[in-house]
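>>> Quick one, structure for this:
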Amino acid sequence: MRADPRLHPGRTLPGARLPRFPIALAIAGVIALSPPIGQAAPPAAPEGLAALRAPFETTTTESLAPQPPLPAVGAGGMGGLLVGPTRVVFEGGVRSAQLTLVNTGARMATYRLRIIRMRMTETGEIREIQDAEGAELFADSLVRFSPRRVELAPQVPQTVRLQLRKPADLPPGEYRSHLLIQALPEQAGEDSSDLATRTLTLRLKPVFGVSVPVIVRHGETRASIRLSEVSLDDPAGAPPQERVRVVLDREGNRSVYGDLTAVLESGPGEREVVGLARGVAVYAPNPRRVFLLPLRLPRDRPPTATLHISFAAAPGAGEGPHAEATLPLR
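Below you'll find the predicted structure:
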């Protein structure tokens, strides 16, 4: 399929490997570099914030608990993939949306697209499932998309179009599924040595992909968030790494999505950002999520220092709930 050269590529960051064999998903939505469909672009970052992002910002996502990062999608000869935006939200009068895919590798790459159902665990991991449980609502029957398979030449963008079709009797609430974009491995030729010895050889290759949340909000939806059980965490057997453990308690019939920030207050007027995680989500109907936020605390901090934790809607994600908590560092 020919790509549309008029589009500009979006951006995303690689996520982490999921424990599902033989498919490993690199989840999109790590940092919302592009705003959700139908919403305004985020304002420019305040001066000084960009300098803080490199040392303090974690790329742990709405979809993955803190884990070591993996290579980019398609690493190991299949090339990389840029996807934008990293989330698609249908609400209000929005009925159509589009994604842009760009193959950043040096060779032609083939990708398969399909909509899947995924469930978030209490620790933030995302796992593919088949059937809904309890109050789970999924959007796979509400959204159509095309194409379902693309061959991308290097650096040439390709558009994927999504269309919302809501039945007249659809109950109010938030419906969510994920658009999985999977890199197909190259077909290897026959091994002549195997043929000569008549030996059966089984080769397993990991299949990497990007999963983009597709969210449909219908009727009245609301959500609130509260931060609880805040404490410093020091995992046994791990390298020295100070981090704060916080529970995000969610209520309502919609998900929450925002940034988690830790600010150290050492004295009057002395405030320093020591931890930042962007794109943290608690998907409905989950009531809570346990999050471990890495910190960069100065060694010479005074014994009276206080850690302020806040959760606020991500830039470009519209209005959302806000929550704060305080932890004395004694």
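>>> Around G320, count how many other residues there are.
Neighbour count of G320, defined by other C-beta atoms under 10 Å: 17. For glycine as for every other residue, the C-beta is placed from the backbone atoms N, C-alpha and C.
>>> ditto for the one 5 residues further on
Using other C-beta under 10 Å as the criterion, A325 is surrounded by 17 other residues.
>>> same deal with V150?
Close neighbours of V150, defined as other C-beta under 10 Å, add up to 20.
>>> how about M118, what does it touch?
With C-beta atoms under 8 Å, 6 or more residues apart in numbering as the criterion, the residues that contact M118 are S63, I126, R127, E128, I129, S177, H178, S211.
>>> let's go with 6 Å and repeat that
Neighbour list for M118: I126, E128, H178 [criterion: C-beta atoms under 6 Å, 6 or more residues apart in numbering].
>>> Just the pLDDT at T61, thanks.
Per-residue confidence for T61 comes out at a pLDDT of 33.
>>> neighbouring contacts of stretch 126-145?
Contacts of stretch 126-145 with the rest of the structure, by C-beta under 6 Å, 6+ apart, involve 27, 63, 115-120, 162-164, 166, 173, 175-177, 214, 216, 285.
>>> What about these, which are in helices?
Using DSSP state H to define helices, no part of those is located there.
>>> how about the helices in the stretch 51-200 of the chain?
If DSSP state H, counting those that start in this stretch is used as the criterion, the helices of the stretch 51-200 of the chain fall at 192-197.
>>> I'd assumed L295 was in contact with R243.
Yes. Here R243 lies in contact with L295, judged by C-beta atoms under 6 Å, at a distance of 5.5 Å.
>>> Give me the below-cutoff pLDDT ranges for the stretch 51-200 of the chain.
Within the stretch 51-200 of the chain, the stretches falling below the threshold (pLDDT under 70) are 51-79, 187-200.
>>> ok, which stretches of it are strands?
Taking DSSP state E, counting those that start in this stretch to define them, one finds strands in the stretch 51-200 of the chain at 57-58, 81-84, 88-90, 96-103, 109-120, 126-129, 143-146, 149-152, 157-164, 173-184.
>>> Would you mind giving the ones you listed as TSV with distance to L137 added?
Below are the strands of the stretch 51-200 of the chain laid out as TSV (distance: least, C-beta to C-beta, whole Å):
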stretch	distance to L137
strand 57-58	29
strand 81-84	24
strand 88-90	13
strand 96-103	19
strand 109-120	10
strand 126-129	13
strand 143-146	13
strand 149-152	28
strand 157-164	14
strand 173-184	5
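>>> Please identify which of those strands is closest to G316.
strand 88-90 (10.5 Å; C-beta to C-beta).
>>> returning to that earlier point: give me the buried subset of the contacts of stretch 126-145.
When burial is judged by neighbour count using 16 or more other C-beta atoms under 10 Å, the buried members of these are 27, 63, 115-120, 162, 164, 173, 175-177, 214, 216, 285.
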